[in-house]
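what shape does this take:
(chains A and B)
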Amino acid sequence: GENVEQHPSTLSVQEGDSAVIKCTYSDSASNYFPWYKQELGKRPQLIIDIRSNVGEKKDQRIAVTLNKTAKHFSLHITETQPEDSAVYFCAASLPGYSTLTFGKGTMLLVSP
Amino acid sequence: DSGVTQTPKHLITATGQRVTLRCSPRSGDLSVYWYQQSLDQGLQFLIQYYNGEERAKGNILERFSAQQFPDLHSELNLSSLELGDSALYFCASSVGAGDTDTQYFGPGTRLTVL
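Model (predicted):
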């Protein structure tokens, strides 16, 4: 089955810096890659997603890039703010299936 | 608020007991997913139901079972509970079962087994 690896497990940045979280997936057929943000004690919330026919997608300070050849995708957050502090999960799914395989998460800490 | 509801919020029970977790999907969503989240294992997919039928199975133990009812709410039953079953259990829902259907998560049920 699909396997998703996520790095780093923790990331500390200063407010205003950029943060990058990387994920690799094992099944080249995977075609949907969402990112979820989970604040402490809260539910995971979708922040951005990308389909396999797109190389990059942006939404204000957040962007996701996909490299199908290398089987990896990344989350980029610019001008980080303390409220960006949370655990971020990447995930992947295969064609015809809506089930998601999640990475183990990255704890992002943004210091004022 | 995602529109997905879960009850109870917290559950404390003893080893060997059985509990039932409940989930109501967003209005119009036909798929329900159950996940287990523990500190060292991240979000582990357990099982998916689509319009009342089991659609996909993940790392679900034989002691665990689930079902989706005609009104589309779902229940996750955990039996012969062990200390290691202590975790956050999330339910998520999506419109369909397609490979790009967005999953919306509920607030979770925190299970503590003593």
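
quick one: buried residues of stretch A:10-30?
A:11, A:13, A:19-25, A:27, A:30 (16 or more other C-beta atoms under 10 Å in any protein chain shown). Quick note: C-beta positions are derived from backbone N, CA and C, even for glycine.

which among these gets closest to chain B?
residue A:30 (9.0 Å; C-beta to the nearest C-beta).

which residue is the nearest non-sequential neighbour of the closest one?
residue A:92 (4.3 Å; C-beta to C-beta, 6 or more residues apart in numbering or on different chains).

list the contacts for that neighbour?
Taking C-beta atoms under 8 Å, 6 or more residues apart in numbering or on different chains as the contact definition, residue A:92 lies against A:2, A:4, A:23, A:25, A:27, A:30, A:32-33, A:100-101.

go again using 10 Å as the cut-off
Under the criterion of C-beta atoms under 10 Å, 6 or more residues apart in numbering or on different chains, the neighbours of residue A:92 are A:2-4, A:23-27, A:29-34, A:52, A:71, A:73, A:100-103.

before we move on, what about residue B:45?
The contact partners of residue B:45, by C-beta under 10 Å, 6+ apart, come to A:91, A:99-102, B:33-36, B:56-60, B:92.

return the distance of the helix or strand encompassing it from the chain's centre.
Here residue B:45 sits within strand B:42-50, counting by DSSP states H and E. In terms of C-alpha atoms, centre = their mean, to the nearest Å, the centre of strand B:42-50 is found 7 Å from the chain centre.

if we can go back for a sec, that's a strand at the residue nearest to residue A:30, yeah?
Yes - according to DSSP: H, G, I helix; E, B strand; the rest coil, the state of residue A:92 is that of a strand.

which strand residues bridge it?
For residue A:92, the beta-bridge partners are residue A:101 (DSSP bridges).

please report how far residue A:59 lies from chain B.
Using C-beta to the nearest C-beta, to the nearest Å, we find residue A:59 at a distance of 14 Å from chain B.

same check on residue A:64?
Taking C-beta to the nearest C-beta as the measure, residue A:64 falls 14 Å from chain B.

which strand residues bridge that residue?
Counting by DSSP bridges, residue A:64 is bridged to residue A:57, residue A:75.

ok so, going back, and the two most separated of the buried residues of stretch A:10-30?
A:13 and A:27 (31.2 Å; C-beta to C-beta).

which stretches of chain B have low pLDDT?
For chain B, the stretches with pLDDT under 70 are B:41.

from the centroid of it, which residue is nearest?
Nearest to the geometric centre of chain B sits residue B:34, at 3.0 Å (C-alpha atoms, centre = their mean).

give me the nearest residue to residue B:94, chain neighbours excluded.
Nearest non-adjacent residue to residue B:94, counting by C-beta to C-beta, 6+ apart: residue B:101, 4.0 Å away.

I meant residue A:96, not that one.
residue B:99 (5.7 Å).

what distance do you get for the one you found to residue B:9?
Using C-beta to C-beta, to the nearest Å, residue B:99 is found at 32 Å from residue B:9.

neighbour count for those two, which is higher?
Comparing residue B:99 with residue B:9 by other C-beta atoms under 10 Å in any protein chain shown, the one with more neighbours is residue B:99, at 18 against 9.
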